[in-house]
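Q: I would like to see how this sequence folds:
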Amino acid sequence: RIRHLAKRLDGGTPVYALQDIMSGMKGKEVRRVEAVAQLYINEMKKLYPHGPYVLIGESMGGKIVYEMAQQLLADGETVPVLALLDTYNLEKSSDDEMYRYPRRSMYYRMLIQKHASIWRESTWRGRMDYLRFYFETGYGKLIKFTRKLIERNLRPASNALPDHITKLKKANLHADKEYVVLPYPGKVILFKALRGIMGGITANGWDVVGIRELVIHPLDCYHGSILFEPAVTQLAAHIQKYLNELQDQS
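A: Model (predicted):
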């Protein structure tokens with residue numbers, strides 16, 4: 001999905017996406033956020049041995065780039081732009097129960113509303129990008145899934161998601177829960193989705209971490225639609241501004 005953002009940035013800006021390795025690896029060690037972050041840093045340094053580095057992560061990926069930034073700073077590198085795309089840090093907060101176990105009817109109703117909002121509010125190009133993503137990444141059951149939810153009065157269909165997606169979600173949830181978020185001595189930019197179950201939690205739990213500077217940009221979208229139109233164009237404009245400021249300082 002990051003390519004939707006990359007295509008809306010300045011053409012001269014190099015963008016590299018790090019593939020989620022957690023779904024194809026075995027063993028608890030590789031599923032730890034710290035271990036995944038180190039692997040990603042090793043790959044990144046093959047192209048760029050030294051910073052400054054611009055790190056952007058969506059959802060669980062935000063936790064990984066947060067840890068990457070921690071390790072890079074400890075190694076003497078600089079991370080002038082660290083952006084989290086609606087990443088949650090609620091595991092040990094009072095909102096933990098809501099985060100982990102939202103009411104099923106509420107959750108699946110939100111999914112339907114998210115799909116409908118993108119189809120209603122996006123451009124034709126945005127709609128095609130959205131459909132292409134789901135069919136290319138194993139979500140070919142999207143239409144069938146939605147129909148089943150309606151037929152079953154919003155009760156979850158046990159076979160709605162492909163097995164590898166279900167396993168990946170479980171692995172990510174475990175790694176997310178085990179990760180200890182430490183204070184950060186720099187700037188963290190949070191792009192906050194205002195719609196959905198977590199829309200009312202202003203800082204997604206990052207305001208209690210001990211971040212030196214936390215900047216929040218609210219976006220009128222759902223958690224799962226932040227990299228699709230119309231939100232991705234607004235997101236790209238913010239990111240480009242930070243990149244331009246970085247270039248002016250160099």
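Q: Would you indicate which residues of stretch 64-79 are buried?
A: I64, V65, Y66, E67, M68, A69, Q70, L72, L73, E77, V79 (16 or more other Cβ atoms under 10 Å). The C-beta positions use only the backbone N, C-alpha and C, and glycine is treated the same way.
Q: SS state for V15?
A: Classification of V15 using DSSP: H, G, I helix; E, B strand; the rest coil returns coil.
Q: follow-up on the earlier one: could the buried residues of stretch 64-79 go into JSON lines alongside secondary structure, distance to A17 and pLDDT?
A: Formatted as JSON lines, the buried residues of stretch 64-79 follow (DSSP: H, G, I helix; E, B strand; the rest coil; distance: Cβ to Cβ, whole Å; pLDDT from 0 to 100):
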{"residue": "I64", "secondary structure": "helix", "distance to A17": "13", "pLDDT": "95"}
{"residue": "V65", "secondary structure": "helix", "distance to A17": "12", "pLDDT": "97"}
{"residue": "Y66", "secondary structure": "helix", "distance to A17": "17", "pLDDT": "98"}
{"residue": "E67", "secondary structure": "helix", "distance to A17": "17", "pLDDT": "98"}
{"residue": "M68", "secondary structure": "helix", "distance to A17": "14", "pLDDT": "98"}
{"residue": "A69", "secondary structure": "helix", "distance to A17": "17", "pLDDT": "98"}
{"residue": "Q70", "secondary structure": "helix", "distance to A17": "21", "pLDDT": "98"}
{"residue": "L72", "secondary structure": "helix", "distance to A17": "18", "pLDDT": "98"}
{"residue": "L73", "secondary structure": "helix", "distance to A17": "22", "pLDDT": "98"}
{"residue": "E77", "secondary structure": "coil", "distance to A17": "20", "pLDDT": "97"}
{"residue": "V79", "secondary structure": "coil", "distance to A17": "17", "pLDDT": "98"}
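Q: Between all of these, which two are separated the most?
A: I64 and E77 (16.2 Å; Cβ to Cβ).
Q: Run a quick neighbour tally on Q249.
A: Number of residues near Q249 (other Cβ atoms under 10 Å) recorded here: 8.
Q: swap that for K187, sorry
A: K187 has 16 neighbouring residues, counting by other Cβ under 10 Å.
Q: Give me the spatial nearest neighbour of it, chain neighbours excluded.
A: E213 (4.3 Å; Cβ to Cβ, 6 or more residues apart in numbering).
Q: right, and the one you found touches I189 too?
A: No: under the criterion of Cβ atoms under 8 Å, E213 makes no contact with I189, lying 9.1 Å away.
Q: In terms of packing, which of those two has more residues around it?
A: Each of E213 and I189 has its neighbours counted (other Cβ under 10 Å); I189 has more, 18 against 10.
Q: give me the beta-bridge partners of that one?
A: Taking DSSP bridges as the rule, I189 bridges to A83, V215.
Q: now could you export just the CA positions of stretch 227-238 as CSV?
A: Provided in CSV are the C-alpha atoms of stretch 227-238 (Å, rounded to 0.1, in the frame of the first residue of the first chain):
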residue,chain,number,x,y,z
LEU,A,227,-3.2,4.9,2.5
PHE,A,228,-6.1,5.2,0.1
GLU,A,229,-7.9,8.1,-1.4
PRO,A,230,-8.9,10.7,-0.4
ALA,A,231,-6.8,10.5,2.8
VAL,A,232,-3.5,9.4,1.1
THR,A,233,-3.3,12.7,-0.9
GLN,A,234,-3.7,14.7,2.3
LEU,A,235,-1.1,12.5,4.0
ALA,A,236,1.3,12.9,1.1
ALA,A,237,1.1,16.7,1.3
HIS,A,238,2.1,16.6,5.0
